[in-house]
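Trainee: got a predicted structure here, sequence first:
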Amino acid sequence: MGLRDYIIRRLLMVVPIMLGVVILIFAVMQLIPPESRASVYITDPHQFQQIDIVIEQYGLDQPVHIQFMTWLNQILHGNFGYSELLGGEPVLEGLIKRLPATLEIVIYSAPLIVLFGIWLGTVSAVNRDKPPDHISRITSILGTSLPSFFFGIMLISIFVAQLKWTTLGRVTNLGSILVQVNTGRFHQYTGLFTIDALLNGNIPLFFDALKHVALPVLVLVFIQSATMVRVTRSSMLEALSKTYIVAARARGLSRKEVIYKHARRNALIPVVTIGGLLVGGMLTGLTITETVFRFGGIGNWAAMGAISLEVAIVVAYAMFSAIIFVLANLIVDILYAYIDPRIRLG
Amino acid sequence: MKSKGRFSEFKKGMQPTIKELKFTLKKIRQSPLSLIGMSLVSFFIVIAVLAPVLAPPKMADPFLIPYGEEYVTIPEPPSQLHPFGTTTGKIDLYYGCIWGTIYAFRLGIIVIAAILLIGVTLGLIAGYYGGLIDEVIMRFTDIILAFPGLILVMALIVALSQAINPFTGQTWTKIDAAILGIMLVGWPGYTRLIRGEVLRVKTEDYIEASRASGSSDLRIMTKHILPNAIYPIIIVASLDLGTMVLFAAALSFLGLGAPPRYADWGQLINQAGNWVSYGLQYWWTFVFPGLFITLFCLGWNLLGDAFRDILDPLYRRK
């Protein structure tokens, strides 16, 4: 089977899974009485006063399959309902509005997790059973054992509350930036403060935003890189034991060259497969980390929505996470098949 | 004489198992990290067993932390009366941490048992019957695995909190919803694992022999396949206890699990959230529950790591 056929087959597999995801979310929603899940259909806050009309309009008292088709039609038209949280807004709007805050954490933490994980995993494998290996294993075990919320709270109490190095949230003075945005003195190109600050030439704001994003990024990198370290380490050990490594050394290549050019290149192939796992871990980690640091991203928003039992928010967030997660796994699989032709034959 | 012959035969048959066990124990003894893990887990088991002595319960529900007559907002520092200090509402942290240990074990064991039951049953059926049944079950696991676990559980908690619990006749409490949610979301990994094992065992000759002698499907599954397929999964599952406790604690931290005043580490850290803004002034409100949960998970993870290495034949050969 060629790569193109594999990609087509893999793409086709996404369709039933996404349909399954939608059905599962719908089934979970069915647990809730119609009055409470009407918010998933509402487009205007006035409708909350006329729940009976909403129920009739969207057929919430109709048989299940009709309800499902109605809802599917709604979400395909981008209607994810209305939430009364924080002054109220359409849910899709709320999600899109908060996405930049989350992306601000992701663009710094994701590359760091990958680089740090691969670096530490390699060091660990090359120095197997020596002190660097022990240190790296302890670090990665601590990473999986230390709850992100506890780590985050410790960092806040020391660096935010005690030493006052930074504050919670995305920037020190959000109000003044919003005023600048409204008066046209600050252009929001991406919504990411660190990038927008550079594009606007506002260097102090860049460092301020960077300082705010540093602690959540530290938490995510420490917690999420553990898997990366472990997989890189074992894959590297495997690669180092191969005969081509011995052969390369016998041909007179330096140890460094053999480790980084021959062993690591091959060792990184299986590491690609945990990319999907990493994205899942990030989505979970962001939910908790954003809440701890009150970062105002989609994870923070979903957690707040869940506490106030805002069905519409949680449904949209679950759907969004599943889409990201499924797409991430799709990309990982295709990438893996591209790198390692043996996969396509299977 | 005949019985002795049988015994020596039995002994001979057991030789590899005994050798394996000795090897495992030797490996654990040799590795300081696994020893630390073992000690931590033992330490928590002792705390859980001795909890009624270490912190005698004062309420009908021992998992409710005793609190003072009057409501005191400001946390009190560790003292003779409250070794770990108190948190909002004069809640005794020492009691909370000690009973939180029992709670963690109870929650972990219940959740793991339920997940094993669901996961193993479905995996066994999928692997044994194959075909359409296999396809349906495995595609269902794919759908559940398409969600990050915590987020699907969050959705389930929100839904269940507004649905009627058939056992109580009222809406689900968040803590029950959280436990049920973790159970409903946690099983697919085990189903995949056991299905693989079943597929391996299914091709053995003794299964064919049993079928030829007229055994029913149920008998073959429970008597012949399950005993030969379940051990790796039981080990994996018991080592997941720490992960499940961490999962539940994260939900409690988010406010989607145990209610206030409940002996749950995650909930205690959630309560401490108000005091974090004072820096280290009220350090005991989050440091003690945080240390308990971290050490608990560390113990299980160290143990898990040791077993993973020992059970992995690839690693051993090197």
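Mentor: Right, received. Where do you want to start? Numbering: from 1, shown residues only, chains lettered A, B, ... in the order given.
Trainee: so which helix or strand takes in the closest residue to chain A within the stretch 101-250 of chain B?
Mentor: With Cβ to the nearest Cβ as the measure, B:I143 is the residue of the stretch 101-250 of chain B nearest to chain A, at 3.6 Å. (C-beta placed from N, C-alpha, C; glycine too.) If you go by DSSP states H and E, B:I143 is part of helix B:131-145.
Trainee: give the buried residues for that helix.
Mentor: Buried positions in helix B:131-145, judged by neighbour count with 16 or more other Cβ atoms under 10 Å in any protein chain shown: B:134, B:137-138, B:140-145.
Trainee: which residue packs closest to A:F151, ignoring adjacent ones?
Mentor: Take A:F151 and drop its neighbours on the chain: the residue closest to it by Cβ to Cβ, 6 or more residues apart in numbering or on different chains is A:V219, 5.4 Å away.
Trainee: packing partners for the host helix or strand of that neighbour?
Mentor: A:V219 belongs to helix A:203-240 when assigned by DSSP H and E. Counting contacts by 3 or more Cβ pairs under 8 Å, 6 or more residues apart in numbering or on different chains; DSSP states H and E, helix A:203-240 packs against helix A:91-126, helix A:131-145, helix A:148-155, helix A:193-199, helix A:264-272, helix A:275-292.
Trainee: among the ones you listed, which is nearest A:T172?
Mentor: Closest to A:T172 of the helices and strands packed on helix A:203-240 is helix A:193-199 (Cβ to Cβ; 10.8 Å).
Trainee: which residues touch the closest one?
Mentor: With contact meaning Cβ atoms under 8 Å, 6 or more residues apart in numbering or on different chains, helix A:193-199 is reached by A:104, A:170-171, A:177, A:186-190, A:203, A:205-206, A:208-210, A:213.
Trainee: who wins for most neighbours among these?
Mentor: The most crowded member of the contacts of helix A:193-199, judged by other Cβ atoms under 10 Å in any protein chain shown, is A:E104 (27 neighbours).
Trainee: thought that one was touching A:L210?
Mentor: No - if you go by Cβ atoms under 8 Å, A:E104 and A:L210 don't touch, sitting 9.7 Å apart.
Trainee: ok, back up a step: list the contacts for the residue of the stretch 101-250 of chain B closest to chain A?
Mentor: B:I143 neighbours (Cβ under 8 Å, 6+ apart): A:17, A:20-21, A:23-24.
Trainee: quick one, the helix holding A:V219 and helix A:264-272 angle?
Mentor: Calculated by axes from the mean of the first three to the mean of the last three Cα atoms, to 10 degrees, helix A:203-240 forms an angle of 110 degrees with helix A:264-272.
Trainee: how far out from the middle of the chain is helix A:203-240?
Mentor: Distance, stretch centre to chain centre, for helix A:203-240: 13 Å (Cα atoms, centre = their mean, to the nearest Å).
Trainee: angle of the following helix or strand past that helix against helix A:203-240?
Mentor: Moving toward the C-terminus from helix A:203-240, the first helix or strand encountered (DSSP H and E) is helix A:243-250. Angle of helix A:243-250 versus helix A:203-240, following the same axes, to 10 degrees, is 100 degrees.
Trainee: ok now stretch B:125-144, how far from the chain's centre?
Mentor: 25 Å.
Trainee: what does stretch A:20-40 give?
Mentor: Worked out by Cα atoms, centre = their mean, stretch A:20-40 lies 24 Å from the chain centre.
Trainee: list the residues that contact B:A60.
Mentor: Contact analysis of B:A60 by Cβ under 8 Å, 6+ apart lists nothing.
Trainee: skipping adjacent residues, who's closest to B:S39 in space?
Mentor: B:G299 (7.7 Å).
Trainee: quick check on that neighbour: phi, psi?
Mentor: When quoted as degrees, to the nearest 10, the phi and psi of B:G299 stand at phi -60, psi -50.
Trainee: show me the contacts for the residue nearest to the spatial centre of chain B.
Mentor: The residue lying closest to the centre of chain B (Cα atoms, centre = their mean) is B:L241, at 2.3 Å. Listed by Cβ under 8 Å, 6+ apart, the contact set of B:L241 reads B:105, B:108-109, B:112, B:300.
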